[in-house]
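For reference, the sequence and a predicted model appear below.
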Amino acid sequence: MGKEKYEVKCEQCGYVSPKWLGRCPDCGEWNTFREEVFRVSSSTLRVASKSPQLISNISSSFSERFSTGISELDCVLGGGIVPGSLILLGGEPGVGKSTLLLQAAQNIARMEKVLIISGEESPSQVRMRAERLGALSENLYLLAETDIESLREQIISLQPKMVIVDSIQTVFHPEIPSPPGSLTQIRETTASFAEVAKEKNLPIFLIGHVTKDGAIAGPRALEHMVDTVLYFEGDSHLSYRMVRAVKNRFGSTNEIGVFEMKAGGLQGVANPSAAFLAERCSSPGSVVIATREGTRALLVEVQALITASQAALPRRLVAGLDYNRALLILAILEKRTGLRLGEKDVFISVAGGLKIQEPAADLGIALAVTSAYKDTIIPPEWVIFGEVGLGGEVRTVTNTEERVKEAKRLGFEKILMPFQKGKVDSGMKVYSVKNLKEALKYSEQ
């Protein structure tokens, strides 16, 4: 073990300061500086023992991907698990992180050995979940240990096909005096797991906690150290959950996996659009929009409710959409269409728990708010999408044909979309608009 010294570092972004600061000058967070031990290891002076290789002579392991047995998870990972990869899965407590990986472990354990490292639950608690999911395989091993040195030995000795660590915040290095979950401990233990993964060509899943802001707890360096970062989204009180990739060195970051929580665990949803619209009711403020997640077109319902405000400052409550984007749409409606929303409480929500980030939802949001304001019903056979500019113009969005095909597949008859050159071959009634006023005129027919 080398020399030790102390440094003051931000737990959120890893910024190093010579003294304690109330606010981090890099990420802007308050009260995130902690004094941590920094080890100066003599190993950094070692001469490299490996010689350079021609990149053309290095074999690729992409052909060695193997499936988790869960098609939705495979899709998010880019087609399956890459041997030697380090994968971080974050999400709120109770959303289903441990359940999902236990189901994947059971599928792989039918043929190969899988090791689950539990730092938060006792072996009996993990067995109770495994019994509920039917995951009592002879090749599924459980280790309740948090010492990284001991874990490395056990992994090398067992030689499993895959390792799951639940969670990375509980693992510690015995030579570091910092408590588990601290910046130094997370960095050192993640580096150790990465070393084992690369040397043994072994995929390792790390389960991470999230902060109140929804980010994975610990330094941002943790996300840079791993190969893939997955976020498990969704309200634990709702049945539908989404797994989204925000980083993937071996595939696209545009894919999502949709799951439904049932008594027997998480099940992939093969037709998410139909699931999100299953309980739809035609009422003022209800609109179906065509959005896109990765390579998949989805139809979801956007609902708006407008009431007279009883407070000095009217409320603006948004769920499932970007809050600032929704306020922008309200401002455009007031300026370009004459709607008087300044004295109204406005509530906008995406049904089903899905979070929409793309601007193609703008036109649907605008028409949902207008419908709620005028207390009129937009015909249920309509599907709407398009980006709205500050001048009230409706702008073209990408992947128009995929959105139209999805609407046709689910039996919708009319499409309200931005104007574009050329015909859209869909077999449906397509209404192309250039601005909000035209869209409002068509939707009221």
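Received the coordinates, thanks.

Show the average pLDDT along stretch 173-185.
When pLDDT is averaged over stretch 173-185, the result is 83.

Please read the previous query as pertaining to stretch 51-59.
Average pLDDT, stretch 51-59: 83.

Now do the buried residues in that stretch.
For stretch 51-59, the neighbour count (16 or more other C-beta atoms under 10 Å) marks no residue as buried. (Glycine included, C-beta is placed from N, CA and C.)

Check stretch 228-247 too.
Buried, per 16+ other C-beta under 10 Å, within stretch 228-247: 228-234, 239-245.

Tabulate those (a markdown table), appending secondary structure.
As requested, these are exported to a markdown table (DSSP: H, G, I helix; E, B strand; the rest coil):
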| residue | secondary structure |
| --- | --- |
| 228 | strand |
| 229 | strand |
| 230 | strand |
| 231 | strand |
| 232 | strand |
| 233 | strand |
| 234 | coil |
| 239 | coil |
| 240 | strand |
| 241 | strand |
| 242 | strand |
| 243 | strand |
| 244 | strand |
| 245 | strand |
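
And the strands in the stretch 201-350 of the chain?
204-208, 228-233, 240-248, 256-262, 265-268, 286-293, 296-308, 316-319, 344-350 (DSSP state E, counting those that start in this stretch).

from those, which stretch is densest packed?
strand 204-208 (a mean of 26; mean count of other C-beta atoms under 10 Å).

So which elements touch that strand?
strand 86-91, helix 97-108, strand 162-166, helix 183-200 (3 or more C-beta pairs under 8 Å, 6 or more residues apart in numbering; DSSP states H and E).

ok, then the element right after the lowest-mean-pLDDT helix or strand in the chain?
When each helix and strand of the chain is scored by mean pLDDT, DSSP states H and E, strand 33-40 comes last, with a mean of 67. Next helix or strand after strand 33-40 toward the C-terminus (DSSP states H and E): helix 71-77.

hmm, back to that, dump the strands of the stretch 201-350 of the chain into a markdown table; add mean pLDDT as well.
Supplementary listing: the strands of the stretch 201-350 of the chain in a markdown table, determined by pLDDT from 0 to 100:
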| stretch | mean pLDDT |
| --- | --- |
| strand 204-208 | 94 |
| strand 228-233 | 90 |
| strand 240-248 | 88 |
| strand 256-262 | 87 |
| strand 265-268 | 89 |
| strand 286-293 | 92 |
| strand 296-308 | 93 |
| strand 316-319 | 94 |
| strand 344-350 | 95 |
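
follow-up on the earlier one: what's the farthest-apart pair in the buried residues of stretch 228-247?
The span of the buried residues of stretch 228-247, defined through C-beta to C-beta, is set by 228 and 239 at 25.8 Å.

circling back to that earlier point, nearest to residue 13, of the buried residues of stretch 228-247?
Closest approach between the buried residues of stretch 228-247 and residue 13, by C-beta to C-beta: residue 229, at 15.7 Å.

Pairing-wise in the sheet, spell out the partners of the closest one.
In this entry, residue 229 is beta-bridged to residue 88, residue 247, by DSSP bridges.

you'd agree it is up against residue 223?
Yes - in this structure residue 229 lies within contact range of residue 223 using C-beta atoms under 8 Å: 5.1 Å.

ok so, going back, tell me which of the helices and strands packed on strand 204-208 approaches residue 309 most closely.
With C-beta to C-beta, the closest approach to residue 309 among the helices and strands packed on strand 204-208 belongs to strand 86-91: 35.4 Å.

List every C-alpha atom in that closest one, with coordinates, as PDB.
The C-alpha trace of strand 86-91 is given here as PDB (Å, rounded to 0.1, in the frame of the first residue of the first chain):
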ATOM      1  CA  LEU A  86     -19.300  -3.600 -16.900                       C
ATOM      2  CA  ILE A  87     -22.900  -2.500 -16.800                       C
ATOM      3  CA  LEU A  88     -24.500  -0.100 -14.300                       C
ATOM      4  CA  LEU A  89     -28.200  -0.200 -13.700                       C
ATOM      5  CA  GLY A  90     -29.700   2.600 -11.700                       C
ATOM      6  CA  GLY A  91     -33.200   3.400 -10.500                       C
END
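
Give me the contact list for it.
Surrounding strand 86-91, the residues in contact under the criterion C-beta atoms under 8 Å, 6 or more residues apart in numbering are 77, 81, 97, 100-101, 168, 190, 193-194, 197, 203-210, 215-216, 222-223, 225-233, 243.
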